[in-house]
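**Q** structure for this input, please:
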Amino acid sequence: MQELKRIINYKRIILLLIAVTVNVVFFLYDNKPVMDEDIINKENIAHETYIKNYHEEVNAIIDNADKLKKYSIFNKAGSFSYANILQTARDFERVKNVILPEDEYKGVQAYTTYYYQYFFTMLVMMFVIYDMFAQRDNGMWSITYSCANGRIMYAIKQTGVIVVTGAFTHTLIYWSTFIAAMLQRGGVRDLVNPVQTIETFDKFTYPWSKIKYVTVLYLISMVCIVALCITIWGVFVMFRNRVYALVTMLIFAAVEQFIYSHIDIHSVWNGLHYINIINIILTPSIFQIIIIQIHLIHNRINNIIIIIFIILHSFKSITSRRHCLCFKSFFIKINRLYKILLSSFWQQMQ
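**A** The predicted structure is shown next:
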């Protein structure tokens, strides 16, 4: 509790409120309503056409999957292509009877295509994590870590602080952005309608309402952000100087952004595109596709394994000191899990 109070001070609260305000203002500016009547009419006609043709498109995908099963090149049992065809047909069977009404969809559409809120969340958390290692600069590091059970208890407390602050920061920024979207574009009454009324969800194969999709996205993105924050914390643990840790993280993020932007998804190196820190932050872009494409699910599993692997590696480095021998049995279990995940990681990469 004391560690949480030390981190969540009035300066951090002011920083969080500034981040929330800037994020909302940026969202409102980035999604200014179009005022040109010709553009509005074209958008309305395109949306009406989409609603009208939706079921035909779904039935065409199902029929096409059935036709492909008749070709010998695709109907080999146990092959990836055959499993993918069967999965595609099963997926779209779920939504072939979904009724799509004409409604106000632009609020949710603008919200689900806005990704900067996650970067604002990570920016706030970077400040929080940086402050957590202030003892590295003020001379208290050796005292804190030389106390009985100092390293293990401090690691547990800091992990708890990251989880609490990460979840709270994400919740505040996420839902404030959503409320801003509803106030700017409307559509509160239509949140119970199927999410497929939005054209960007034409390949989403679960008959969910808009509010259900937004809620599930909130939970998944919160897990991703908290896991990423713990990973960043692990990097800071490995460096005696927190400035070096910060510089390392910024360089790593820049390299990851470059890889994410310049490696095509059809490239032989596309694994580096999916197993990527940017890909983890941009949860919505993956979430719409992940349920329909099996190979993306495989890559998401890789991401999760890598995150857990890095967290355990960081935790292992924190607790591998002689004064932690009272937790010997606990660390043996951690090391076993570490080795299992390491083995699983290499199997996934092969």
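**Q** phi, psi of Pro194?
**A** Here is the backbone geometry of Pro194 (degrees, to the nearest 10): phi -60, psi 140.
**Q** same check on Pro101?
**A** With angles defined as degrees, to the nearest 10, Pro101 sits at phi -80, psi 160.
**Q** could you count how many residues lie near it?
**A** As a burial measure, Pro101 scores 10 neighbours (other C-beta atoms under 10 Å). For every residue, glycine as well, the C-beta is placed using N, CA and C.
**Q** pretty sure it is touching Gln196, no?
**A** No: with contact defined as C-beta atoms under 8 Å, Pro101 does not reach Gln196; the gap is 10.7 Å.
**Q** which residues of the stretch 251-350 of the chain score low on pLDDT?
**A** Confidence mapping of the stretch 251-350 of the chain against pLDDT under 70 gives the ranges 265-266, 271, 273-274, 279-350.
**Q** now swap in the chain and tell me
**A** The model of the chain has pLDDT under 70 over residues 1-4, 72-81, 135-152, 265-266, 271, 273-274, 279-350.
**Q** buried stuff in the longest helix along it?
**A** Longest helix in the chain, counting residues (DSSP state H): helix 150-185. Residues of helix 150-185 classed as buried: 150-152, 154-155, 158-159, 161-162, 165-166, 169-170, 172-174, 176-178, 180-182, 184-185 (neighbour count, 16 or more other C-beta atoms under 10 Å).
**Q** helices or strands up against it?
**A** For helix 150-185, the packing partners by 3 or more C-beta pairs under 8 Å, 6 or more residues apart in numbering; DSSP states H and E come out as helix 2-7, helix 10-30, helix 106-112, helix 116-132, helix 141-146, helix 210-238, helix 294-319.
**Q** can you classify Thr205 by secondary structure?
**A** Secondary structure, DSSP: H, G, I helix; E, B strand; the rest coil: Thr205 is coil.
**Q** which secondary structure element contains the residue lying closest to it once chain neighbours are set aside?
**A** Of all residues not flanking Thr205 in the chain, Asp91 sits nearest, at 3.8 Å (C-beta to C-beta, 6 or more residues apart in numbering). Secondary structure assignment for Asp91, by DSSP states H and E: helix 80-93.
**Q** go through that helix and flag the buried ones.
**A** Within helix 80-93, the residues scored as buried using 16+ other C-beta under 10 Å are Tyr82, Asn84, Ile85, Thr88, Ala89, Asp91, Phe92.
**Q** closest to Tyr114 out of those residues?
**A** Minimum distance to Tyr114 across these is 26.3 Å, recorded for Asp91 (C-beta to C-beta).
**Q** which neighbours do Pro101 and Gln196 share?
**A** The contact sets of Pro101 and Gln196 do not overlap (C-beta atoms under 8 Å, 6 or more residues apart in numbering).
**Q** list the buried residues of the helix or strand Ile39 falls within.
**A** Assessed by DSSP H and E, Ile39 sits inside helix 37-68. By 16+ other C-beta under 10 Å, the buried positions in helix 37-68 come out as His47, Tyr50, Ile51, Tyr54, Val58, Ile61, Ile62, Ala65, Leu68.
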